[in-house]
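K.L.:
coords please:
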Amino acid sequence: MTGGPSDQPGWRPRLVVVDADGTIADEHGIVPLAVVEALKSIDSAGIPVVLDTGRAWLSARLILDQLGLEHQYCVCSNGAMVVTYPPLEVLHTVSFDPGPIAAAIADHPSVVMAVEDFGQGYCVSRPFPPGAYELHGRTSVVGLGEVASRPVPRVILSDPGASRADFDVLVAGLDLRGLTSFRSGDTWIDIVANGADKAQGLAIVAKRIGVDPGDVLAFGDSYNDMALLEWSGRGVALGDAPKEVRAAADVVTAGFDDGGVVSELNRWFPHLIS
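P.N.:
Next up, the predicted model:
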């Protein structure tokens, strides 16, 4: 744990930022009512709440609709895209050419490559096995060439039938210069352009609303949250998070099932949370 501005007397958050899966949403993508009510109360009191997630826009919207805030900023696709909603307006996108990745996996037919079809779902190089993973929206199987035919904000690579060790060998052989990868499962990685991470995406939002990084309270539970937790004035890792993520945070709260997010929010907003 790093310590930070929140250690100073009188510190109070001016912006609350939450990751989705494993932080405010369960394995089914459901946000507990207590979390929804707490975030609504905070946002209604004039402290903006921002969703900062690895999910693509279509999947992120499923979380935003549960929160039901009046006008929300959202950082999605691991920081490669910043939007407002509702109504939907894309404020910022960082894209890259996925062609070299497609060429590198061409001799690995079991590997699935997927890119977002914005607002619709995903284009994939081959079908995912039934029950392997859930991609929200329409999934169009178009082949590797079509998947890599245009710049994209994020690439998903997965080999659902492989071992973690074999998948790691594949990833280690990729030329990812200029790119950043985040592990989201044993045989699943997300790839974005350098400079696109959850912290950089949030920095765009914070500048627009006039909040300094030191005034941000942020929550996360996974490797792709580490930059966000380190950037924010008070980075809070859930107790379920891997040890590297907990080490990047200023503080560790209780796990998801034990209400860690609400517990931490209650520390700063006890007058708003029942």
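
K.L.:
Give me the residue ranges of the stretch 101-250 of the chain where confidence is low.
P.N.:
130-133 (pLDDT under 70).

K.L.:
Could you pull out the strands in it for me?
P.N.:
112-117, 121-124, 138-141, 155-158, 179-185, 188-193, 216-220, 234-237 (DSSP state E, counting those that start in this stretch).

K.L.:
Just the helices from the chain, written as ranges.
P.N.:
Along the chain, counting by DSSP state H, helices occupy 33-44, 57-67, 99-105, 144-147, 164-172, 198-209, 226-231, 243-248, 260-268.

K.L.:
For the first one, what does the pLDDT average out to?
P.N.:
By that I understand helix 33-44. Regarding helix 33-44, the rounded mean pLDDT is 97.

K.L.:
which helices and strands sit right next to it?
P.N.:
Helix 33-44 sits against strand 15-18, strand 49-52, helix 57-67, helix 260-268, with contacts defined as 3 or more C-beta pairs under 8 Å, 6 or more residues apart in numbering; DSSP states H and E. Yep, even glycine has a C-beta here, placed from its N, CA and C like the rest.

K.L.:
same check, this time on the second one
P.N.:
Taking 3+ C-beta pairs under 8 Å, 6+ apart as the contact definition, the neighbouring helices and strands of helix 57-67 are helix 33-44, strand 49-52, strand 72-76, strand 81-85.

K.L.:
and the shortest one, what does it pack onto?
P.N.:
If I follow you right, that is strand 49-52. Applying 3+ C-beta pairs under 8 Å, 6+ apart, we find strand 49-52 packed against strand 15-18, helix 33-44, helix 57-67, strand 72-76, helix 198-209.

K.L.:
Swap in 10 Å and give it another go.
P.N.:
Applying 3 or more C-beta pairs under 10 Å, 6 or more residues apart in numbering; DSSP states H and E, one finds that strand 49-52 makes contact with strand 15-18, helix 33-44, helix 57-67, strand 72-76, strand 81-85, helix 198-209, strand 216-220.

K.L.:
Which of those sits closest to residue 172?
P.N.:
Of all these, helix 198-209 sits nearest to residue 172, with 24.0 Å by C-beta to C-beta.

K.L.:
Specify the angle between the closest one and strand 216-220 in degrees.
P.N.:
Note on geometry: by axes from the mean of the first three to the mean of the last three C-alpha atoms, to 10 degrees, helix 198-209 and strand 216-220 are set 150 degrees apart in direction.

K.L.:
Can you tell me which helices and strands helix 198-209 packs against?
P.N.:
If you count contacts as 3+ C-beta pairs under 10 Å, 6+ apart, helix 198-209 packs onto strand 15-18, strand 49-52, strand 72-76, strand 81-85, strand 89-93, strand 216-220, helix 226-231.

K.L.:
mind checking which of the ones you listed is nearest residue 8?
P.N.:
Residue 8 lies closest, by C-beta to C-beta, to one member of those: strand 216-220, at 13.7 Å.

K.L.:
and the closest one, how far from the chain's centre?
P.N.:
Its chain's average C-alpha position is 12 Å from that of strand 216-220, according to C-alpha atoms, centre = their mean, to the nearest Å.

K.L.:
go on, stretch 160-167?
P.N.:
Distance, stretch centre to chain centre, for stretch 160-167: 23 Å (C-alpha atoms, centre = their mean).

K.L.:
Next: stretch 74-82.
P.N.:
For stretch 74-82, the gap between its own C-alpha mean and the chain's C-alpha mean amounts to 7 Å (C-alpha atoms, centre = their mean).

K.L.:
gap between the two ends of it?
P.N.:
End-to-end span of stretch 74-82 (C-alpha to C-alpha, to the nearest Å): 6 Å.

K.L.:
Same question for stretch 217-236.
P.N.:
Stretch 217-236 has an end-to-end distance of 7 Å (C-alpha to C-alpha).

K.L.:
Stretch 187-201 too?
P.N.:
Termini of stretch 187-201 sit 26 Å apart (C-alpha to C-alpha).

K.L.:
Next: stretch 70-79.
P.N.:
The first residue of stretch 70-79 is 22 Å away from its last residue (C-alpha to C-alpha).

K.L.:
about what we covered before: make CSV out of the helices and strands packed on strand 49-52 and add distance to residue 251 and mean neighbour count.
P.N.:
Shown next, in CSV, are the helices and strands packed on strand 49-52 (distance: least, C-beta to C-beta, whole Å; neighbours: other C-beta atoms under 10 Å):
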stretch, distance to residue 251, mean neighbour count
strand 15-18, 14, 25
helix 33-44, 17, 18
helix 57-67, 23, 20
strand 72-76, 22, 26
strand 81-85, 26, 21
helix 198-209, 17, 20
strand 216-220, 10, 28
